[in-house]
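Visitor: Coordinates only, no sequence provided:
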């Protein structure tokens, strides 16, 4: 995905989650069924041009038992354009340049867009799941009054950047409303989506960051 000195990697699963909107049928608790679902995700993603979602994020650290919560808005547009706005930071890329803005420091870091082979982007996730993940349908659940189906994916690679990925998909509407990521250190990050809008015609200007005159600009490009 995006790597501004690795700053974006923690939000990569959220970027991936926005495109997981798909039809389910004949669900069984078997790996084949889960991977068939992902194939439908791939087809849906091919049809998606852009998306906007609001979300909350909760991180639980295994060692310290500390918790961190935040909220934000994600904008994404193919190919490789993202904007994540949170209270304490903003990340933007147009597919060539990446901006990482921190209001507390009144500073923006500017870097070249880089593909990190260990990162977790929507494109690589959708292409690689059938080959790189084991999958299972865990069953049914409730989320904010919605009937959802729970899907779990586990990477085959022991060196993957995540230990497991769990998805909550609304029955009937087939939208993804929750994503739980467990990393190799057993830290748990939970993304809860509040609203999703697809194909609204987001302008390219949304994916360019223009700093205010008083913002310090640190250019890391070479």
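Guide: That came through, no problem. Treat the numbers as computed from the prediction; the structure is a model and nothing was measured. Numbers count the residues shown, from 1 in each chain.
Visitor: need the helices for this structure, in chain order.
Guide: 12-17, 31-47, 122-132 (DSSP state H).
Visitor: Mind telling me which of those the model trusts least?
Guide: Lowest mean pLDDT within the helices of the chain: helix 12-17, a mean of 46.
Visitor: Show me the shaky parts of the protein.
Guide: 1-32, 34-45, 115-131, 172-174 (pLDDT under 70).
Visitor: If we use 50, what do you get?
Guide: For the chain, the stretches with pLDDT under 50 are 1-30, 32, 118, 120, 122, 125-128.
Visitor: need the strands for it, in chain order.
Guide: In the chain, the strands defined using DSSP state E lie at 50-60, 67-77, 81-86, 90-93, 97-102, 107-112, 133-143, 146-155, 164-170, 176-182, 188-198, 216-219.
Visitor: Export those strands to CSV and append columns for mean neighbour count and distance to residue 205.
Guide: To be clear about C-beta, it is placed using only N, CA and C from the backbone, and glycine gets the same treatment. What follows is those, written out as CSV (neighbours: other CB atoms under 10 Å; distance: least, CB to CB, whole Å):
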stretch, mean neighbour count, distance to residue 205
strand 50-60, 18, 13
strand 67-77, 16, 11
strand 81-86, 20, 10
strand 90-93, 22, 11
strand 97-102, 20, 13
strand 107-112, 18, 17
strand 133-143, 15, 34
strand 146-155, 18, 34
strand 164-170, 21, 32
strand 176-182, 21, 27
strand 188-198, 17, 18
strand 216-219, 11, 19
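Visitor: Which one, of those, ends up nearest to residue 208?
Guide: Closest approach to residue 208 among those (CB to CB): strand 90-93, 6.9 Å.
Visitor: Parallel or antiparallel, list what pairs with the closest one.
Guide: Using DSSP bridges, strand 90-93 pairs in its sheet with strand 81-86 (antiparallel), strand 97-102 (antiparallel).
Visitor: measure stretch 215-222 end to end?
Guide: Distance across stretch 215-222, first residue to last, is 21 Å (CA to CA, to the nearest Å).
Visitor: what does it contact?
Guide: Here stretch 215-222 makes contact (CB atoms under 8 Å, 6 or more residues apart in numbering) with 4-5, 97, 101, 105-112, 211.
Visitor: Now for these: which two are most distant?
Guide: Top of the distance list for the contacts of stretch 215-222 (CB to CB): 106 and 112, 22.9 Å.
Visitor: any idea how far residue 81 is from the closest residue to residue 59 other than its chain neighbours?
Guide: Excluding the flanking residues, the one nearest residue 59 by CB to CB, 6 or more residues apart in numbering is residue 68, at 4.4 Å. To residue 81, residue 68 is 27 Å away according to CB to CB, to the nearest Å.
Visitor: Over to residue 178?
Guide: Between residue 178 and residue 81 the computed distance is 24 Å (CB to CB).
Visitor: Also residue 163?
Guide: 29 Å.
Visitor: Need the strands of the chain in JSON lines (columns: distance to residue 207).
Guide: Conversion of the strands of the chain to JSON lines gives the following (distance: least, CB to CB, whole Å):
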{"stretch": "strand 50-60", "distance to residue 207": "10"}
{"stretch": "strand 67-77", "distance to residue 207": "6"}
{"stretch": "strand 81-86", "distance to residue 207": "4"}
{"stretch": "strand 90-93", "distance to residue 207": "6"}
{"stretch": "strand 97-102", "distance to residue 207": "10"}
{"stretch": "strand 107-112", "distance to residue 207": "14"}
{"stretch": "strand 133-143", "distance to residue 207": "29"}
{"stretch": "strand 146-155", "distance to residue 207": "28"}
{"stretch": "strand 164-170", "distance to residue 207": "26"}
{"stretch": "strand 176-182", "distance to residue 207": "22"}
{"stretch": "strand 188-198", "distance to residue 207": "16"}
{"stretch": "strand 216-219", "distance to residue 207": "18"}
